[in-house]
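*Asks:* Model the following, please.
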Amino acid sequence: MRVRELLIPLVMLGTPAFGQCRGADVSPIESTTPPPEPPRAPDIIESVIQPTMTMTTNVAFVVDTSGSMDNDGRVGMALTFARGLIERPTDQLMIALLSFKDSHMRWPGLTAQEREAARIAGTLQAASSTPPPKGWTYFPGVPELASAQAWLTARGASGGTNPVSAIAEILSESVRDLTVVLITDGEDFDVPAFRLAVTAGQASRVQRGVGRAVIFVIGTGGAAANKQHLRDVGTSEGGGLHVIRRPAPPPPPQRAPQIPDLDMPWSRDD
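*Replies:* Residues are numbered from 1 along each chain as shown. From the prediction side, this is the model:
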């Protein structure tokens, strides 16, 4: 046992050794192990504009990975929300995944290596009797989910914001019963070009006889609720506007009042 650990019980007991210990460092021994971080509270999801349409089983995620999404963990919010939506109970979900910065990219599906690893692990889904359209994949599937999330994470948050080509591409496809989930903070948009891409794409779908897509707008960060272009699309395209934000941090813990270290005269009986 160390000397400091011996001094503390002697002082507390008030033995004659107390006089000999006066002036010694008897402060509690501090642990060098940092306390564990408290679990982070889950993100808050608020429906700012209620949807008037329901989500279908053909879902295209269009995710903003521009530089502004690096703020306040917005890419993390997008990943968490998309994963939760994909994992909802359903018989079969067909999805596409696109991300946009200055231009857009599309998740190509499982790579040959991922497919082989899934086959060996026995997690590869049996082929459907009707293969999905190019650029789409069937869910739920463990390897597909992991691959899609890894691909989106690798895209990172950087560059400018141009959702126009991604919106135009997905609305140009002749997939019936289409739902588009646009996940963005709504910042730095070319608003007229964005509105035109939505309007022209929906008109083209009607002309081709595949029907209008439902567009759900998921805003990351509290400020997204005030972006008029997001509110307009959420209203006109039936999916509403839903905002994900971090909860307010808890107040710092109250520190106990400090007791001054008084050098009091001590005496002991002879």
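*Asks:* Return the residues in contact with Val198.
*Replies:* Ile167, Leu171, Ile215, Val233, Glu237 (CB atoms under 8 Å, 6 or more residues apart in numbering). For the C-beta atoms, the positions are set from N, CA and C on the backbone; glycine is no exception.
*Asks:* Just give the closest residue to the second one, not the sequence neighbours.
*Replies:* The shortest distance from Leu171 to any non-neighbouring residue, by CB to CB, 6 or more residues apart in numbering, is to Gly201 (2.8 Å).
*Asks:* Going by neighbour count, which residues in the one helix or strand that neighbour maps to are buried?
*Replies:* Under the criterion of DSSP states H and E, Gly201 resides in helix 191-207. Using 16 or more other CB atoms under 10 Å as the test for burial, helix 191-207 gives Phe194, Arg195, Ala197, Val198, Gly201, Gln202, Arg205.
*Asks:* With pLDDT and distance to Val175 added, can I get those residues in a markdown table?
*Replies:* Output for the buried residues of helix 191-207, formatted as a markdown table (pLDDT from 0 to 100; distance: CB to CB, whole Å):
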| residue | pLDDT | distance to Val175 |
| --- | --- | --- |
| Phe194 | 93 | 21 |
| Arg195 | 94 | 22 |
| Ala197 | 95 | 17 |
| Val198 | 96 | 16 |
| Gly201 | 96 | 12 |
| Gln202 | 96 | 14 |
| Arg205 | 97 | 9 |
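*Asks:* Among these, which one sits closest to Met94?
*Replies:* Using CB to CB, Arg205 comes nearest to Met94 of the buried residues of helix 191-207, at 16.8 Å.
*Asks:* Surely the closest one and Ile170 touch.
*Replies:* No: assessed by CB atoms under 8 Å, Arg205 is found out of contact with Ile170, at 10.3 Å.
*Asks:* which neighbours do the two share?
*Replies:* Contact criterion CB under 8 Å, 6+ apart; residues bridging Arg205 and Ile170 by contacting each: Leu178, Ala213.
*Asks:* so Ile167 touches Ala197, yeah?
*Replies:* Yes: between Ile167 and Ala197 a contact is recorded at 4.5 Å, counting by CB under 8 Å.
*Asks:* ok, back up a step: of all the contacts of Val198, which comes closest to Ala154?
*Replies:* Nearest member of the contacts of Val198 to Ala154, counting by CB to CB, is Ile167, at 22.3 Å.
*Asks:* Can you give me the neighbour number for Ala213?
*Replies:* Number of residues near Ala213 (other CB atoms under 10 Å) recorded here: 26.
*Asks:* Could you pull out the helices in the protein for me?
*Replies:* 3-13, 17-21, 74-86, 112-121, 142-155, 164-171, 191-207, 228-236 (DSSP state H).
*Asks:* looking at those, which has the lowest confidence?
*Replies:* If those are sorted by mean pLDDT, helix 3-13 sits at the bottom with a mean of 31.
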